[in-house]
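S.K.: Fold the following, please.
(one chain, ligands or ions: 1)
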Amino acid sequence: MDRYEPVRQSIADIIPADWDDGSLGPLLVRLAWHASGTYDRKTGRGGSNGATMRFEPESTDEANNGLDWAREYLEPVKDKHPWISYADLWTLAGVVAIRAMGGPEVPWRPGRRDVDASQVQEIDVPKPGLLPDAAQGSEHLRQVFYRMGFSDREIVALSGAHTLGRCHPCRTGYTGVWTSQPTRFTNQYFVLLSTVQWTRKQWDGLEQYQDPEDRFMMLPTDMALIHDPQFAVFVRMYADDQALFFRDFAAAYGKLLELGVPFGCPAHGGAREQNPIEP
Ligand code: HEM
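M.R.: Predicted coordinates:
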């Protein structure tokens, strides 16, 4: 049996944990994304390898607020399977969570190594400012995701993860859910984004958007996907075709989790095709 199978099972076992709003799954998807989304293709720095989010300044980056909970919840899994690296564990947890919530099987392979505390001086722990800022627009999204090596289509596919989970005012200042089923992976985010009459929420808080009944929310960066004509094509495409969204999301999320990971040369079973989605 694949030695990662028992780890997958242990992760799946903690996902229905009675925690906060009962949805650890979305937080695990976010942990894997934030651990990987610091990557810079030009310098080769950042990414999930190293599990650097255990160290400052990445651990205290405001963008990672709340992810300490996800990491703590994974500790019993690490105790049970101590041979797996944190970097592999966190990324695998994202993959298992997507599947557990009814989403596609995301391609994943092991090989990430953790840096230890004694190496922290020598390595570059990613600094704040590398992950996207929800208050910005499409230019910012392109700048951040192009830095990682993603296309417009992949940016939209990845953003579809906001079909899951919620915003927690204590973590980011935003509030609410994007969809009616925050623990089911579907294309509902794109359906709502492209069909609802969104208006700016009138409150004493950050700029965010709401539907007429104030059931759902969108961040300024979510709204940018429907306002930007190039992004909007893909939003409508995924709203019409959930299977296509699942396929593209699986490829893009799998690619995200591998950014900057030195798997070795292709002749020895290493690097998979880096750009599986057409632009
Ligand atoms: C496009 C740029 C993005 C921005 C600006 C952004 C921003 C945010 C913000 C502000 C939250 C709320 C966190 C909280 O208050 O707890 C959030 C939640 C979340 N994000 Fe994103 N995000 C982006 C892209 C992504 C991507 C690419 C993924 C995964 C592929 C993702 C997955 C999630 C998930 C699953 C949650 C829910 C977490 C929970 O329920 O605790 N996001 N995001």
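
S.K.: Not counting its neighbours along the chain, what's nearest whichever residue of the stretch 151-279 of the chain sits closest to the ligand?
M.R.: Of all residues in the stretch 151-279 of the chain, the one sitting closest to the ligand is Gly165 (2.3 Å; CB to the nearest ligand atom). No exception for glycine: its C-beta is placed from N, CA and C like everyone else's. Nearest non-adjacent residue to Gly165, counting by CB to CB, 6 or more residues apart in numbering: Pro26, 2.8 Å away.

S.K.: Name the SS class of that neighbour, please.
M.R.: Taking DSSP: H, G, I helix; E, B strand; the rest coil as the rule, one finds Pro26 in the helix state.

S.K.: pretty sure it is touching Ala97, no?
M.R.: Yes. Pro26 is in contact with Ala97 according to CB atoms under 8 Å; the separation is 7.4 Å.

S.K.: okay, these two: which has more neighbours?
M.R.: The neighbour count for Pro26 versus Ala97, taken as other CB atoms under 10 Å, is higher for Ala97 (29 against 24).

S.K.: So which residues on the stretch 101-250 of the chain come close to the ligand?
M.R.: 132, 134, 141, 158-159, 161-162, 164-168, 171-172, 174, 219, 221 (CB under 6 Å from any ligand atom).

S.K.: Contact partners for the closest residue to Ser23 other than its chain neighbours?
M.R.: Nearest residue to Ser23 in three dimensions, chain neighbours excluded: Thr183, at 4.9 Å (CB to CB, 6+ apart). Going by CB atoms under 8 Å, 6 or more residues apart in numbering, Thr183 touches 22-23, 25-26, 101, 164-165.

S.K.: Buried among those? Need that as a selection in ChimeraX.
M.R.: Provided next is the ChimeraX selection string for whichever of those are buried by 16 or more other CB atoms under 10 Å:
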select :23,25,26,101,164,165
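
S.K.: re earlier: quick one: buried ones out of the residues of the stretch 101-250 of the chain next to the ligand?
M.R.: For these, a neighbour count by 16+ other CB under 10 Å gives the buried set as 132, 134, 141, 158-159, 161-162, 164-168, 174, 219, 221.

S.K.: Below-threshold pLDDT in the stretch 1-150 of the chain: ranges please.
M.R.: Low-confidence segments of the stretch 1-150 of the chain (pLDDT under 70): 17-22, 122.

S.K.: Can you list which of the residues of the stretch 101-250 of the chain next to the ligand are found in strands?
M.R.: Counted as lying in strands by DSSP state E, out of these, are 166-167.

S.K.: Which members of the residues of the stretch 101-250 of the chain next to the ligand occur in helices, if any?
M.R.: Using DSSP state H, the members of these that fall in helices are 141, 158-159, 171-172, 221.

S.K.: would you turn the contacts of Thr183 into a markdown table with distance to Trp83?
M.R.: Below are the contacts of Thr183 laid out as a markdown table (distance: CB to CB, whole Å):
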| residue | distance to Trp83 |
| --- | --- |
| Gly22 | 31 |
| Ser23 | 29 |
| Gly25 | 25 |
| Pro26 | 27 |
| Met101 | 27 |
| Leu164 | 30 |
| Gly165 | 30 |
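
S.K.: which one of the contacts of Thr183 is nearest Ile84?
M.R.: The closest of these to Ile84 turns out to be Gly25 (CB to CB; 19.4 Å).

S.K.: so that closest one touches Ala97, yeah?
M.R.: Yes. If you go by CB under 8 Å, Gly25 and Ala97 touch, sitting 4.2 Å apart.

S.K.: Show me whatever sits in contact with both of these two.
M.R.: Ile15.

S.K.: can I see the domain layout of this protein?
M.R.: Per automatic domain parsing, the domain ranges recorded for the chain read 5-130+253-268, 138-240.
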